[in-house]
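Asks: Predicted model and sequence follow; I will ask about them next.
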Amino acid sequence: MTEHSLWRFSRALHRAINERQLEDLQTQIDDDVDWVIYGPIDMFPFLGARRGKDAVLEVCRQVSENVRVRRFDRESIVLGEDSAASMMRYSLTMLDSNKPINLRLAHVAQFKAGRLLNIRVLLDSYDLVEQTLGHPIHLPKIGS
């Protein structure tokens, strides 16, 4: 049995973020990768949609300049031959303030010939914004 593409991609992504080593990640993503991280792009401009390897590598470089991954736990995972989906919890450190951030996310990824072709990541952005601001967000009640 060969190693699933998700494991190689995951290791390369964490190395790119924590060690700013993009070389391994470059070999794990398709030239025409379609990448989207749904979240508050006004606060975190490296979130949002990107197309192509160069754009994705630039996003990963920007992420590496802002956070460090301290820990991550996979809550659940489903692997297909050329696909993967999981729910994860991350413990991050914001580099500018040394502030800890705990983040929950879900992702769905597709691979082609062992390389990431498509990924969609959904962040628990409400919790992320509260932690970043350092206080709860009080929203008006909607409905009764």
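Replies: Looks like it came in fine. Residues are numbered from 1 along each chain as shown.
Asks: Next, the distance between the ends of stretch 32-49.
Replies: 13 Å (CA to CA, to the nearest Å).
Asks: Run the chain-centre distance for it.
Replies: Computed by CA atoms, centre = their mean, to the nearest Å, the chain-centroid distance of stretch 32-49 equals 9 Å.
Asks: what is the rounded mean pLDDT of the longest helix along the chain?
Replies: Ranked by residue count, the top helix of the chain under DSSP state H comes out as helix 5-19. What helix 5-19 shows for mean pLDDT is 96.
Asks: how about that helix: buried residues?
Replies: Neighbour-count burial for helix 5-19 flags 5-6, 8-10, 12-17 (criterion: 16 or more other CB atoms under 10 Å). For glycine as for every other residue, the C-beta is placed from the backbone atoms N, C-alpha and C.
Asks: can you name the two of these that are farthest apart?
Replies: Spatially, the most separated pair among the buried residues of helix 5-19 is Ser5 and Ile17, at 18.4 Å (CB to CB).
Asks: where exactly do the helices run in the chain?
Replies: 5-19, 23-28, 53-64, 125-133.
Asks: In the protein, what helix or strand scores lowest on average pLDDT?
Replies: Scoring the helices and strands of the chain by mean pLDDT, DSSP states H and E places helix 125-133 at the bottom, with a mean of 83.
Asks: Pull out the CA atoms of that helix and give them to me as PDB.
Replies: The C-alpha trace of helix 125-133 is given here as PDB (Å, rounded to 0.1, in the frame of the first residue of the first chain):
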ATOM      1  CA  SER A 125     -14.400  32.300  11.300                       C
ATOM      2  CA  TYR A 126     -16.600  33.600  14.000                       C
ATOM      3  CA  ASP A 127     -14.400  32.100  16.700                       C
ATOM      4  CA  LEU A 128     -11.300  33.100  14.800                       C
ATOM      5  CA  VAL A 129     -12.400  36.700  14.700                       C
ATOM      6  CA  GLU A 130     -13.300  36.800  18.400                       C
ATOM      7  CA  GLN A 131      -9.900  35.400  19.300                       C
ATOM      8  CA  THR A 132      -8.000  37.800  17.000                       C
ATOM      9  CA  LEU A 133      -9.900  40.800  18.400                       C
END
